[in-house]
Every structure is written in structure tokens, then in C-alpha cells.
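Student: Quick one: sequence plus predicted model below, questions after.
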Amino acid sequence: MSRATGSAPRPVPLREVETPTVDRLETSIAEVDRVLGGGLVPGSVVLLGGAPGIGKSTLTGMALGNLAAAGRRVLYVSGEESAAQVRLRAERLGEDALGVPVIAETSLEAVLAALEAERPDACVIDSVQTLHAGEMNGAPGSVGQVREAASQVMEAAKRLDCAAILVGHVTKEGSVAGPRALEHLVDCVLMFEGERERSYRTLRALKNRFGATSEVGVFEMRSGGLVEVEDPSARFVGEASGAAGSVVLCAMEGTRPLLVEVQALVAPTELVPPRRIANGIDRNRLAMVIAVLTRHAGVALGSADVFVNVAGGVRVDEPGADLAAALALASAHRGQPLCDPEGRPLACFGEVGLTGELRHVAHPERRVAEAAKFGLTPVLAPPAARGLDGLRVVATLRDAVRDPTSRRQARKAA
Ligand code: TYD
Ligand code: MG
């Protein structure tokens with residue numbers, strides 16, 4: 001006797017599966033569209049995370065304003081601020097942002113009803129933590145409530161073919177239970193980061209079902225809203241101090257090279273264990289770099305507080321930043337600047353291995369080309385796969401930190 005009752009579905013070879021081409025909704029904020037992989041996908045759900053005050057409401061308000069101006073139906077659901085407060089922000093952003101229809105609502109049922117009635121092409125829920133489902137226990141913002149709200153909005157978005165952006169607050173430590181619990185649910189997770197006191201912001205995709213996760217957009221918060229920074233390298237190199245403890249890192253942000261200044265401070269301490277503070281680079285990698293400097297490069301930082309900072313509030317999440325952190329630390333430790341006699345900062349990139357060797361990282365040619373644009377060659381770097389102009393190759397961290405002046409001699413000899 002057969003146990004199967006229903007008729008068996010017929011598997012289809014993948015190459016015969018139809019893939020409808022979707023028209024993306026372009027927000028006309030080039031950096032946002034690029035990070036999304038070409039704009040919002042109708043029916044998809046994007047989670048936009050970031051610390052309070054970083055500019056999430058500003059960014060989403062601008063995006064909806066542009067979409068509305070392009071003739072799309074949009075809806076802004078504000079659970080945090082009154083409609084009047086949202087209007088005040090929009091006044092700073094301009095005419096297009098003032099054209100966005102808004103409801104100030106925290107009841108999930110009411111929001112779903114509004115989506116049903118308005119049928120927007122794109123909507124923003126600001127924030128998902130403020131929504132509460134009537135039939136569920138738990139305070140707004142609890143994991144249960146946030147999940148319920150997100151999954152119901154998602155269901156509505158798919159059904160109504162509406163692109164939904166869920167705004168979620170994340171504390172600096174990334175703790176708050178809410179948004180993190182949604183990452184597996186949504187189609188795309190964007191993080192908006194930066195230091196509140198500084199004007200630079202970066203937007204990056206942590207997850208994207210419809211595009212790459214490596215793209216990063218750089219913005220500056222101005223009086224009239226967020227402005228895209230078109231040549232961030234020029235900004236950051238221009239601001240590089242050239243003082244002891246400063247070095248320029250040739251980083252890759254997605255497919256784009258980006259030059260950033262890495263700064264370090266080394267100060268004697270009585271604290272046990274001493275402080276290790278990293279801003280913009282990974283803490284664990286900093287700990288590793290300090291250990292390798294001590295064991296393999298003769299730079300002992302065991303009894304010193306150590307601070308490493310990527311200037312401008314940018315985050316660099318790649319092993320290629322190791323060498324920059326190490327050189328900045330060695331320079332700070334000795335009190336010797338790394339810039340050349342004309343005051344040009346030293347540029348570098350490379351991963352540091354546990355045995356003190358420098359390791360190859362991706363796209364050396366693009367990194368060097370970016371540094372060359374600003375006259376920062378030769379770039380201190382590990383051996384590249386093939387010969388590359390503009391590199392000063394070093395094989396070990398010991399060689400890299402040994403003599404900051406050898407670079408000047410190398411340039412004179414060249
Ligand atoms: P906001 O978008 O409200 O942050 P979030 O929604 O992430 O909490 O914006 C935060 C800050 O941005 C706020 O301190 C004011 C500032 N801001 C500007 O500097 N210029 C502007 O045009 C706007 C709208 C805001
Ligand atoms: Mg807000």
C-alpha cells in the first residue's frame with residue numbers, strides 16, 4: 001500500500017525555471033541604489049539597522065521623497081515620532097521629502113490595513129521595534145513582537161508587491177535583540193554606521209538576496225540631509241595628519257578601493273590588563289596584530305594602552321588592514337612619523353600572519369592604482385601574485401616596521 005496520497009510535484013531542471021525580470025525601484029540616491037544592487041526590489045523586505053541618531057530616518061525619508069517625486073506611490077509609517085516631527089525633518093530635506101504621505105502609528109493591525117488600502121510601491125516602517133501586534137503578549141521591541149511584526153509586514157509586502165524598508169535600532173555593540181533576530185527573515189540587511197559626532201556615514205549590505213554584499217556607500221551628514229561622498233579617498237587622504245602614529249590604508253570596500261587614515265596611540269599604563277581600544281577595525285585582529293608585533297617584530301606593547309582608530313568613523317572589515325594597524329602602532333610607539341620629507345603619508349595594505357609573515361590580499365592592483373592617484377606610491381605591501389609597479393614589497397612584519405626611513409631611500413634611489 002502506498003503511503004503517498006497527494007500528486008507528486010514535478011521537479012524542474014534549474015535552467016528551465018523561469019526568472020521574471022524585475023524593474024527595480026530606484027531611490028535616486030546613487031550610493032543606496034548601488035548598495036542594494038540596483039535599487040529596491042518590489043515585494044522585498046529590507047532591514048536598515050543602525051544606532052539611534054545615525055540618520056536612518058533621514059536616509060529613508062530622502063529615498064521615499066525621491067520615489068514619490070518619480071511618480072511612485074509611497075508610505076512612511078512613523079512609530080517613533082509624531083507626524084509633525086517627521087514634517088520638521090522633511091522641511092530640512094526639501095520639497096520632495098515633503099511630498100511623502102505619512103501615518104504615525106504603532107499598531108501592527110492598523111499599519112497592515114493602511115498598506116492594504118494605500119497599496120504603496122514602497123513603504124518605510126520607522127521603526128520595526130515600535131510596532132506591536134494586538135493579539136500578542138510582550139512589550140513592543142521584544143523579540144517576539146518584532147518577529148511577529150516583521151513577518152506580517154513581509155507577508156503583506158510580498159502579496160501587495162510593495163518594497164518595505166524596516167528601520168531597526170542597533171546599539172553600538174550590536175546588542176538589541178530586535179533587528180538581529182530578523183536577519184534571516186528579510187531579503188536584505190543594510191547597516192548604517194558611523195560616529196554620531198562625526199559627519200561621515202557608511203552604508204553597507206550584510207546580506208542581499210538580490211545583489212552583492214560587498215558594496216559600501218559613503219555619506220556625509222549636512223544641514224540639508226545626507227550627501228553622497230563621491231570621492232571618499234580624496235577626503236580621507238586630504239585629512240591625513242602625517243603625524244607619528246598615522247598611516248594611510250589602501251582598503252577595498254566591495255569592488256571599490258578606498259584610502260583611509262589609520263591612527264594609533266600608544267601610552268604607558270599601570271592597568272592590568274592594559275587597554276586595547278579599536279574603532280573601525282576588528283578588536284580581535286588588533287589583539288593579534290599587537291601579539292605579532294611583540295613576538296616577531298620587536299615592538300613590545302605589553303605594558304602600554306593601545307588605541308587604533310580609522311579616521312572619519314569608517315569601518316574597515318578586512319584582513320588587509322592588519323599592516324596599517326601594525327605600522328601605525330610601531331610609529332606611535334617610537335614617536336616617528338611615517339610620512340616622507342614632502343609630508344606625504346605612507347600608504348600600505350596587507351594581512352599579518354601569526355608567524356610574522358605578510359600575506360597577499362585581494363586586488364593589490366586596484367589598491368595601488370588608487371594610492372597612485374594621490375601620489376602615495378610606492379605602497380608598502382606583501383609580495384603580489386605577479387610583478388606590480390608602485391609596490392615596495394616586504395615579506396615580514398619585522399622588515400616592514402624595521403626602518404621607516406628605508407622607504408625614503410628607496411624613493412631617492414628610484
Ligand atoms: P535621524 O535621521 O533622525 O537619525 P535616526 O533615525 O537614525 O535616529 O538623524 C539624526 C541626526 O541627523 C540628528 O541629530 C540631526 C541630524 N540631521 C542633520 O544634521 N541634517 C539634516 O538635514 C537632518 C534631517 C538631520
Ligand atoms: Mg529615526
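Tutor: Now that the structure is in, tell me what you want to look at. Residues are numbered from 1 along each chain as shown. Ligands and ions are numbered 1, 2, ... in the order given.

Student: Any residues of the stretch 51-200 of the chain in contact with ligand 1? List them.
Tutor: With C-beta under 6 Å from any ligand atom as the criterion, the stretch 51-200 of the chain meets ligand 1 at residues 52-58, 89, 92-93. Using the backbone N, CA and C atoms, a C-beta is placed for each residue, glycine as well.

Student: 8 Å - rerun?
Tutor: Proximity of the stretch 51-200 of the chain to ligand 1 (C-beta under 8 Å from any ligand atom) is limited to residues 51-61, 80, 89, 92-93, 126-127, 167, 169, 192, 196, 199.

Student: Separate out the buried members of those residues.
Tutor: 51, 54-61, 80, 89, 93, 126-127, 167, 169, 192, 199 (16 or more other C-beta atoms under 10 Å).

Student: SS state for L258?
Tutor: strand (DSSP: H, G, I helix; E, B strand; the rest coil).

Student: On the pLDDT front, check R3 for me.
Tutor: In this model, R3 is scored at 64, pLDDT.

Student: Just the residues of the stretch 51-200 of the chain next to ligand 1: which are in strands?
Tutor: 126, 167, 169, 192 (DSSP state E).

Student: Tell me who's in contact with the residue most central in space within the chain.
Tutor: For the chain, the residue lying nearest the average C-alpha position, counting by C-alpha atoms, centre = their mean, turns out to be R204 (3.6 Å). Residues in contact with R204, defined by C-beta atoms under 8 Å, 6 or more residues apart in numbering, are 35, 190-191, 193, 213, 215-217, 253-254, 315.

Student: cutoff 10 Å now
Tutor: 35, 189-193, 213-218, 253-254, 315, 317 (C-beta atoms under 10 Å, 6 or more residues apart in numbering).

Student: and the two most separated of those residues?
Tutor: V189 and V218 (18.6 Å; C-beta to C-beta).

Student: where exactly do the helices run in the chain?
Tutor: Applying DSSP state H to the chain gives helices spanning 30-36, 56-69, 83-93, 95-98, 108-118, 143-160, 177-180, 232-239, 283-296, 322-334, 364-373, 397-402, 406-413.

Student: Show me which of these has the highest average neighbour count.
Tutor: helix 322-334 (a mean of 27; mean count of other C-beta atoms under 10 Å).

Student: which intervals of the stretch 51-200 of the chain have sub-threshold pLDDT?
Tutor: Scanning the stretch 51-200 of the chain for pLDDT under 70 picks out 171-179.

Student: Kindly recompute the last result at 90.
Tutor: Applying pLDDT under 90 to the stretch 51-200 of the chain flags residues 51, 127, 133-147, 169-184, 193-200.

Student: Same question for the stretch 301-414 of the chain.
Tutor: For the stretch 301-414 of the chain (pLDDT under 90), the answer is 302, 311-317, 339-344, 377, 383-389, 402-414.

Student: can you rerun that using 50?
Tutor: The stretch 301-414 of the chain contains residues with pLDDT under 50 at 405-414.

Student: Quick check, the residue in it closest to ligand 1?
Tutor: G313 (13.6 Å; C-beta to the nearest ligand atom).

Student: leaving aside the residues next to it on the chain, what's closest to that residue?
Tutor: E195 (3.7 Å; C-beta to C-beta, 6 or more residues apart in numbering).

Student: Report how many residues lie close to that neighbour.
Tutor: A count of neighbours around E195, defined by other C-beta atoms under 10 Å, yields 17.

Student: which residues touch it?
Tutor: 51, 54, 172, 201, 279-280, 309, 312-314.

Student: for R366, same thing?
Tutor: With C-beta under 10 Å, 6+ apart, R366 has these contacts: 250, 252, 255-257.

Student: same check, this time on H363
Tutor: Taking C-beta under 10 Å, 6+ apart, one finds 250, 252, 255-257, 320, 349, 369-370 in contact with H363.

Student: cool, and A347?
Tutor: Contacts of A347 (C-beta under 10 Å, 6+ apart): 237, 240, 247-250, 259, 324, 338, 367-368, 370-372, 374-381, 390, 392.

Student: Repeat that for T255.
Tutor: Here T255 is in contact with 34, 212, 214-216, 363, 366 (C-beta under 10 Å, 6+ apart).

Student: redo that, cut-off 8 Å
Tutor: Shown in contact with T255 (C-beta under 8 Å, 6+ apart): 212, 214-215.

Student: Same question for P232.
Tutor: Counted by C-beta under 8 Å, 6+ apart, P232 has contacts 200, 218, 258, 314.

Student: hang on, isn't the second one packed against V314?
Tutor: The reference is to V218. Yes. In this structure, V218 is within contact of V314 by C-beta atoms under 8 Å, at 7.4 Å.

Student: what about these two, which has more around it?
Tutor: Taking neighbours as other C-beta under 10 Å, V218 and V314 compare with V314 leading, 27 against 24.

Student: Excluding sequence neighbours, find me the nearest residue to that one.
Tutor: V260 (5.3 Å).

Student: okay, now that neighbour: neighbour count?
Tutor: 26.

Student: repeat for the one 3 residues further on
Tutor: Using other C-beta under 10 Å as the criterion, Q263 is surrounded by 23 other residues.

Student: same question, V272
Tutor: 6.

Student: can you pull the pLDDT of it?
Tutor: 87.

Student: For it, list the residues it contacts.
Tutor: V272 neighbours (C-beta under 8 Å, 6+ apart): none.

Student: what separates it from A264, distance-wise?
Tutor: V272 sits 21 Å away from A264, going by C-beta to C-beta, to the nearest Å.

Student: for G217, same thing?
Tutor: Distance from G217 to A264, by C-beta to C-beta: 27 Å.

Student: Can I get the contacts of P232 in CSV including distance to A150?
Tutor: Listed next are the contacts of P232 as CSV, based on distance: C-beta to C-beta, whole Å:
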residue, distance to A150
Y200, 29
V218, 28
L258, 32
V314, 29
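
Student: Nearest to ligand 1 among those residues?
Tutor: The nearest member of the contacts of P232 to ligand 1, counting by C-beta to the nearest ligand atom, is Y200 at 12.4 Å.

Student: Name the nearest residue to that closest one, ignoring sequence neighbours.
Tutor: In space, Y200 is closest to G312, 4.5 Å off (C-beta to C-beta, 6+ apart).
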